[in-house]
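Chemist: Next come a sequence and a model predicted from it.
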Amino acid sequence: MCSSPHVHGGVEPAGVHRLGLLIALRAGPRHGAVGVRLDGTTRQDVRDALWGEAPSLVKTFGPRGTIHLLPTAELPLWTAALPAVPGGPGSATPEARMTPEQTEEVIAAIGAALDGASLTIDELSDEVVARTGPWAGDLVMPAFQGMWPRWRQVLHKAGQRGALCFAPNRGRKVTYTRPPHVESPLDAETASARLVRRFLHAYGPATPREFAKWLAGPPGWASGLFASLASAGEIEAVDMDGEPESYVVAGDTAFPEEPVRGVRLLPYFDAYVIASHPRARLFPGRAYERALAGGQAGNFPVLLVDGVVAGVWHQRRSGHGTTVTVEPLGRLSAGQERGLAGQVERVGEVLEARAELVVGEVTVGPHA
């Protein structure tokens with residue numbers, strides 16, 4: 001993947017000090033996170049990378065149990081590191097809880113059912129219940145207007161373990177299959193250490209707490225992991241505006257002297273806004289209230305100016321065209337306006353649609 005400017009630290013007054021290597025991209029419905037980083041890439045190119053003759057991407061459950069696009073070649077890293085995170089998302093109510101043995105049984109059943117097959121969620125449910133027992137199909141999970149069967153609470157864990165990934169839709173229905181088998185699995189300790197180093201290279205200087213938040217893991221576990229790697233000389237502490245426990249990969253302390261400049265339109269749940277800290281620096285002034293949903297990043301597509309959030313935007317598709325409404329939170333220079341027009345044109349290219357720019361208030365709410 002191509003690099004993107006990263007905010008985190010006090011090396012320059014503007015707070016933009018390095019180019020971050022993206023290690024995972026949150027998978028939005030339009031695959032815009034990939035498109036804005038690779039010149040000439042369209043949504044069809046992303047589909048081909050996911051489901052073409054030689055897939056190089058996998059759409060599956062990644063950090064925090066949310067849907068990501070991951071490089072196929074890096075599945076050994078993710079399928080070893082993610083299950084090693086204690087706790088994690090998806091804690092069940094007492095009525096829906098599963099024992100560790102039941103969890104293992106369901107994940108094995110999911111992998112077996114999807115091996116060489118593409119199934120809808122209902123078809124997969126029938127297979128899981130048939131391979132485990134009626135208890136897996138008990139409707140005990142509150143979901144939207146109804147109830148889901150018990151086994152669905154570990155759907156994301158099956159993805160993180162390499163037993164499940166998304167397949168092409170069957171009409172309007174989502175389908176699942178099994179990703180390529182990992183021929184040379186990593187052990188959890190090696191994978192976890194490698195993931196910390198990758199995270200710090202992309203988003204450092206960063207604290208154990210920020211790493212834990214990115215993974216939805218316990219801060220104490222992350223602190224212990226960082227301390228172990230620091231003791232081994234793999235990462236090192238740095239002074240970042242007096243922030244305690246800030247780390248980088250050992251020796252990875254060279255940053256560009258000049259701040260990053262330019263205009264970007266980043267889509268929902270973009271990796272840059274999800275993992276970059278501190279939030280107050282990335283979302284300065286009014287942006288903290290306008291572009292965050294209760295402090296949570298990603299729920300609004302954002303206008304990025306010189307590496308920091310400077311507005312929100314939204315696109316509405318109609319036929320072969322799309323209207324891109326951008327709400328800047330301050331006055332844009334003539335050069336920034338030209339950059340914005342170029343970004344809107346790029347949105348159209350990614351979507352394979354004619355794009356029209358409208359500068360004005362974005363009236364839709366978060367995650368609309």
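Modeler: Cool, got the structure.

Chemist: CA only for contacts and neighbour counts going forward, please
Modeler: Will do.

Chemist: Poorly predicted segments of the chain, please.
Modeler: Within the chain, the ranges that satisfy pLDDT under 70 run 1-31, 88-93, 95.

Chemist: can you tell me which strand in it is longest?
Modeler: Assignment by DSSP state E gives strand 308-318 as the longest strand of the chain.

Chemist: Identify all contacting residues around that one.
Modeler: Strand 308-318 has contacts (C-alpha atoms under 8 Å, 6 or more residues apart in numbering) with 7, 16, 265, 281-284, 287, 290-291, 300-304, 322-330, 362, 364.

Chemist: in that strand, what's buried?
Modeler: 308-315 (16 or more other C-alpha atoms under 10 Å).

Chemist: The next helix or strand after it pairs with which strands, and in what direction?
Modeler: With elements assigned by DSSP states H and E, the helix or strand that comes after strand 308-318 is strand 321-328. Next to strand 321-328 in the sheet, as set by DSSP bridges, lie strand 308-318 (antiparallel), strand 354-359 (parallel).

Chemist: Show me where the stretch 1-150 of the chain has its strands.
Modeler: 4-7, 16-20, 25-26, 57-61, 67-71, 119-120, 139-143, 146-149 (DSSP state E, counting those that start in this stretch).

Chemist: would you turn the strands paired with strand 321-328 into TSV with distance to G171?
Modeler: Listed next are the strands paired with strand 321-328 as TSV, based on distance: least, C-alpha to C-alpha, whole Å:
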stretch	distance to G171
strand 308-318	19
strand 354-359	25
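
Chemist: Just give me the neighbour total for the nearest residue to G311 once chain neighbours are set aside.
Modeler: Leaving aside its sequence neighbours, G311 sits nearest to P328 (C-alpha to C-alpha, 6 or more residues apart in numbering; 4.3 Å). P328 has 21 neighbouring residues, counting by other C-alpha atoms under 10 Å.

Chemist: One more: G339?
Modeler: G339: 18 neighbours (other C-alpha under 10 Å).

Chemist: For E327, name its beta-bridge partners.
Modeler: V312.

Chemist: thought it was touching T363?
Modeler: No - counting by C-alpha atoms under 8 Å, E327 sits too far from T363 to count as a contact (9.6 Å).

Chemist: These two: which has the busier surroundings?
Modeler: Higher neighbour count among E327 and T363: E327, with 19 against 11, using other C-alpha under 10 Å.

Chemist: my read: R150 touches D138, true?
Modeler: Yes - when contacts are counted by C-alpha under 8 Å, R150 is listed as touching D138 (5.5 Å).

Chemist: who has more neighbours, those two?
Modeler: R150 (24 against 16).

Chemist: could I get stretch 140-152 in PDB with only the CA atoms?
Modeler: The C-alpha trace of stretch 140-152 is given here as PDB (Å, rounded to 0.1, in the frame of the first residue of the first chain):
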ATOM      1  CA  VAL A 140     -30.400 -15.600  22.400                       C
ATOM      2  CA  MET A 141     -28.500 -12.600  20.900                       C
ATOM      3  CA  PRO A 142     -30.400  -9.300  20.700                       C
ATOM      4  CA  ALA A 143     -29.800  -7.900  17.200                       C
ATOM      5  CA  PHE A 144     -31.600  -5.000  15.500                       C
ATOM      6  CA  GLN A 145     -35.300  -5.900  15.500                       C
ATOM      7  CA  GLY A 146     -34.900  -9.600  16.300                       C
ATOM      8  CA  MET A 147     -32.600 -12.200  17.800                       C
ATOM      9  CA  TRP A 148     -29.600 -14.000  16.400                       C
ATOM     10  CA  PRO A 149     -28.500 -17.600  17.100                       C
ATOM     11  CA  ARG A 150     -25.900 -18.100  19.800                       C
ATOM     12  CA  TRP A 151     -23.000 -19.100  17.500                       C
ATOM     13  CA  ARG A 152     -23.000 -15.600  15.700                       C
END
